[in-house]
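*Asks:* need a 3D model of the following:
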Amino acid sequence: MKALQIGTVVKSLAGRDKERHSVVVALENEYVFIADGKMRKLETPKRKNKKHIWPTGHLIQMDGATNKSIGRILRQFDEASSAAHNS
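*Replies:* Numbering: from 1, shown residues only. Predicted structure coming up:
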């Protein structure tokens with residue numbers, strides 16, 4: 001598994017958010033806290049087991065990030081993922 005750090009874009013492998021992209025906003029032992037800017041805001045990130053996510057290898061700058069900017073970036077990942085899945 002690729003190294004996780006704050007700002008890493010991850011894909012959820014399990015749960016209600018399966019197949020959706022999020023960004024790591026905090027790390028805590030075997031858990032990460034993720035936000036997508038829409039359902040899970042920066043103010044209330046989701047606690048997720050590291051086993052249930054897959055790092056994409058992309059890193060976004062979190063300095064000054066807003067829910068809107070994160071949502072805009074992650075939308076591109078979701079669209080690319082669904083386009084690749086449909087072809």
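*Asks:* my read is that His58 contacts Thr8, right?
*Replies:* Yes: assessed by C-beta atoms under 8 Å, His58 is found in contact with Thr8 at 7.4 Å. Heads up, the C-betas are built off the backbone N, CA and C, glycines and all.
*Asks:* neighbour count winner among the two?
*Replies:* Thr8 (23 against 14; other C-beta atoms under 10 Å).
*Asks:* what helix or strand does the closest residue to the more buried one other than its chain neighbours sit in?
*Replies:* With sequence-adjacent residues excluded and distances taken as C-beta to C-beta, 6 or more residues apart in numbering, Thr8 is closest to Val24, at 4.6 Å. Per DSSP states H and E, Val24 falls inside strand 21-28.
*Asks:* same question for Lys11.
*Replies:* With DSSP H and E as the criterion, Lys11 is inside strand 8-12.
*Asks:* same for that strand, what does it pack against?
*Replies:* Here strand 8-12 touches strand 21-28, strand 31-35, strand 53-59, helix 67-86, going by 3 or more C-beta pairs under 8 Å, 6 or more residues apart in numbering; DSSP states H and E.
*Asks:* quick one: contacts of that strand?
*Replies:* 2, 4, 18-24, 32, 34, 48, 52-56, 58-60, 73-74, 77, 81 (C-beta atoms under 8 Å, 6 or more residues apart in numbering).
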